[in-house]
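mind looking at a prediction? Sequence and model below.
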Amino acid sequence: MNKKILLLAGILALGATSFSAEGTRDFLDGFKDVMTPNENITGSWNQEFKAYTDTESKDDRKMKLNNEIGLNLTDKLSLGLETNTYMDYPGKDQAGTDEFTTEVVYNNGNIGDTDLSLRQRVKYDSAGAGKFLYKPTVNFESYIGADSAEASLEFSYARNTGADDVQKIYYDIDTNWTLGYGFTTEIEFKGAVTTSTGAATESLLYVGLDYDYNVYTSADEATKLDFYAGANVTPVRYNHKDNEMHSAKEMLIETETSMTLDHSWTNNFSTYGAVGMTTKDDTKTHTSNVNAQGYVALGLSYSM
């Protein structure tokens, strides 16, 4: 497994090195233009209120208010902000801690004369005592004919109150394909290594299948009703600590089904409402239920 990590690290290092060797002069020459804000900064603001029912056989219903702001400061530099505020139902006291994340993304573009492209992300997450992340990502979809294909390493530093800080490296190869007739599929290999202790978590293969269907579209195309159904499984999991490979009989199966009604009021502003249900079942510890949980969501989106 360490060989796979080194291979992925090599792909990313090669991409970054190629960009540095072949593109440094052009990058420095154009640095002033790249970092100069656009005359008309573009961006978006999305807000969603979501209420969850109790999970099957549990008393854990909650509500969440999510805000996402994205700003394209230049052609290559963007900024993202996100907050999640958890609220209790009347009589409840289990909403959890509010969350805040902020990130800066720099799109380097193509690496030399190749069709590989490099994107870098720096992120802060307030979860726990705070977490800092750096994530370089190489896109290689043009080489395999996929709709999207990315290889990434994420370097994570998490502060730990009253304990040692934790450093991790997450590795991920993620591909997406359009199958036609509303179906898309995702195949992903991912895992993590805790470099501060030398421990490794499970590596896993993730396979997902999604289906989207437009139920109704108004004559002016301002109003749309869409149906979504998705399912994913982890047919292969490898436990590094125990040197144990889990079979397909011990996999996590997740599903989601939803209906969404969307209305565009202007070219820049739209609102939506959605109802849906998720399920989650670990076949290794299978019980009499599949942890079904329903939700209702109301949201708005504004772009500029």
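On my side now, so go ahead.

in the stretch 151-300 of the chain, which spans are strands?
Using DSSP state E, counting those that start in this stretch, the strands of the stretch 151-300 of the chain run over 166-180, 183-194, 199-200, 202-217, 223-239, 244-246, 252-264, 269-282, 293-303.

do I have it right that Met259 meets Met277?
No: using C-beta atoms under 8 Å, Met259 makes no contact with Met277, being 10.4 Å away. All C-beta atoms are positioned from the backbone trio N, CA, C, and that covers glycine.

relative to Leu81, how far out is Glu150?
23 Å (C-beta to C-beta, to the nearest Å).

any weak-confidence spans in the stretch 1-150 of the chain?
Scanning the stretch 1-150 of the chain with the threshold set as pLDDT under 70 gives 1-39, 94-96.

which residues of it fall in helices?
2-29, 31-35 (DSSP state H, counting those that start in this stretch).

tell me, what residue is most central in this protein?
Residue closest to the average C-alpha location in the chain (C-alpha atoms, centre = their mean): Asp174, at 10.8 Å.

who is that residue paired with across the strands?
Glu150, Glu188 (DSSP bridges).

do Ser117 as well
Asn110, Asn139.

my guess is it meets Asn110, correct?
Yes: between Ser117 and Asn110 there is a contact under C-beta under 8 Å: 5.2 Å.

so these two - more neighbours on which side?
Ser117 (19 against 14; other C-beta atoms under 10 Å).

could I get the strands of the stretch 151-300 of the chain as JSON lines with distance to Asp88?
Shown next, in JSON lines, are the strands of the stretch 151-300 of the chain (distance: least, C-beta to C-beta, whole Å):
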{"stretch": "strand 166-180", "distance to Asp88": "30"}
{"stretch": "strand 183-194", "distance to Asp88": "32"}
{"stretch": "strand 199-200", "distance to Asp88": "35"}
{"stretch": "strand 202-217", "distance to Asp88": "32"}
{"stretch": "strand 223-239", "distance to Asp88": "28"}
{"stretch": "strand 244-246", "distance to Asp88": "37"}
{"stretch": "strand 252-264", "distance to Asp88": "24"}
{"stretch": "strand 269-282", "distance to Asp88": "20"}
{"stretch": "strand 293-303", "distance to Asp88": "16"}
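
in contact with the closest residue to Gly128 other than its chain neighbours, which residues are there?
Leaving aside its sequence neighbours, Gly128 sits nearest to Ala158 (C-beta to C-beta, 6 or more residues apart in numbering; 6.3 Å). Ala158 makes contact with 128-132, 165-168, according to C-beta atoms under 8 Å, 6 or more residues apart in numbering.
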